[in-house]
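> attaching a predicted model along with its sequence, questions to come.
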Amino acid sequence: MNIVVLAKLVPDLVEELTIDASGAALDMTFARLIINELDDHAIEQSILLKERSGGQVTVITLDLEGADDVLFTAAAKGADRLIKIKGDFAGGVSNHALARACATIVKELQPDLVLTGVQAHNDIDGSAGPLLAECLGMPYVGYVHGIAISDGKSKVLKEYPGGLVAELDVVLPAVLGVQASEQPPRYVAVSKVRQVMKTSKIEERSASEWDANGAPIIGRMFQPEASTHATMITGNADDVATKLVGIFKEFGVL
C-alpha cells in the first residue's frame, strides 16, 4: 500500500495574529506556523494503515517555516519518505495553488491512497482535499473517521450532520479527507525526533509551475470587535435567582 499524506502548515491560533499594513493579509513576520490539526490526524491514520497492512507512507508539505519539524516528527511516528516543495510562497498560499503544486509530485509517486485533513482554519478557497482530487482525477470522500483497505478498495466511515455515519466502498486510488483518525495522533518525544533527524532525509522538489490563481481576492481584513460583554451576577443564591428572573422577564422569556 502506497500512501501519500498532504500536510498543511497553518498559523498557530494560540499566538496573537495581527493584520499587516496593507490591511488585506495577516502579518506573518512573527506568526508561528504549525501543522494543521486534521492533517496531523491524516498522518496518524496513514501510520495505522501501514501498521495493519504494511506499505509506505510519504508526507508532503511546502517549504515554509516549521516544515522540517513537521516532516521529521512524521518520520518519528513512522513515515517512510519526506518531501518538501520549494518555491516563492511570499505572496501567500491558496489551496488551489497548493493542490496544483502537489498534484504533479503525487502523480509521480503513483499512490494507492492520498490522505489529507478535511479542512483547515485558514481555508478561504475551499478545502485542499477535493481540489487535489480534481487535479489528480481521483474520487474524493471527506469527513472520514475510519478507513480499512481490502481487495483494492477502501472501506471508509463518513460522518454526516446529526451524528449519522455512512459506510462507503471507495475504489482506489482515491483521496480521502480525514475528520479524525481512529486513535488520537501519537506523541513522540523530542529526543526521538532529533534521533530521526540524523537518519532521515528530506527530499526537496521545486514548484516550478507555481500558479497562485483561483483564490478569492481579499479586499480588507478586520480584527473582531466585542459588541457586548458578559454580566457577572453576584450575591447569594436568592439574590442571583431574583436577578436571573428579572433578566429573563426583560427579554420576554418569562
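It's in. The structure displayed is predicted, hence computed values, not measured ones.
> now the stretch 151-254 of the chain, which segments are flagged as low pLDDT?
Low-confidence segments of the stretch 151-254 of the chain (pLDDT under 70): 208-209.
> all helices for it, in order.
Listed in chain order, the helices found in the stretch 151-254 of the chain under DSSP state H, counting those that start in this stretch are 190-199, 237-250.
> quick one: distance of the longest one to the chain centre.
Put plainly, it is helix 237-250. From the chain centre to the centre of helix 237-250 is a distance of 45 Å (Cα atoms, centre = their mean, to the nearest Å).
> can you list contacts of that helix?
Residues from elsewhere that reach helix 237-250, judged by Cβ atoms under 8 Å, 6 or more residues apart in numbering: 233-235, 254. (Glycine included, C-beta is placed from N, CA and C.)
> if we can go back for a sec, just the helices of the stretch 151-254 of the chain: most buried one?
helix 190-199 (a mean of 13; mean count of other Cβ atoms under 10 Å).
> quick one on the thing from earlier: and the two most separated of the contacts of helix 237-250?
Greatest spatial distance in the contacts of helix 237-250: 234 and 254, 21.3 Å, computed using Cβ to Cβ.
> the two: who's more crowded?
Ranked by neighbour count (other Cβ atoms under 10 Å), residue 234 and residue 254 place residue 254 first, with 10 against 7.
> any idea how far that one lies from residue 232?
According to Cβ to Cβ, to the nearest Å, residue 254 and residue 232 sit 21 Å apart.
> go on, residue 144?
Distance from residue 144 to residue 232, by Cβ to Cβ: 43 Å.
> comparing those two, which residue is more hemmed in?
Higher neighbour count among residue 144 and residue 232: residue 144, with 25 against 5, using other Cβ under 10 Å.
> state whether that one is indeed within a strand.
Yes - assessed with DSSP: H, G, I helix; E, B strand; the rest coil, residue 144 lies in a strand.
> hang on, isn't it packed against residue 175?
No - here residue 144 does not reach residue 175: they are 10.3 Å apart, not a contact under Cβ atoms under 8 Å.
> buried set for stretch 78-85?
By neighbour count with 16 or more other Cβ atoms under 10 Å, stretch 78-85 contains the buried residues 78-79, 81-85.
> nope, stretch 67-75 is what I was after
Going by neighbour count (16+ other Cβ under 10 Å), the buried part of stretch 67-75 is 67, 69-75.
> and which of those is nearest residue 167?
Distances from residue 167 to those, taken by Cβ to Cβ, are shortest for residue 74, at 28.4 Å.
> in what helix or strand does that closest one lie?
Element membership for residue 74, per DSSP states H and E: helix 67-77.
> and that helix, what does it pack against?
Using 3 or more Cβ pairs under 8 Å, 6 or more residues apart in numbering; DSSP states H and E as the contact definition, the elements that helix 67-77 packs against are strand 33-35, helix 37-53, strand 56-62, strand 81-86, helix 190-199, strand 202-206.
> is it possible to export those to TSV including distance to residue 152?
Below are those laid out as TSV (distance: least, Cβ to Cβ, whole Å):
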stretch	distance to residue 152
strand 33-35	30
helix 37-53	12
strand 56-62	17
strand 81-86	22
helix 190-199	32
strand 202-206	28
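> which one of those lies closest to residue 168?
helix 37-53 (15.6 Å).
> what's the angle from that closest one to strand 56-62?
Calculated by axes from the mean of the first three to the mean of the last three Cα atoms, to 10 degrees, helix 37-53 forms an angle of 160 degrees with strand 56-62.
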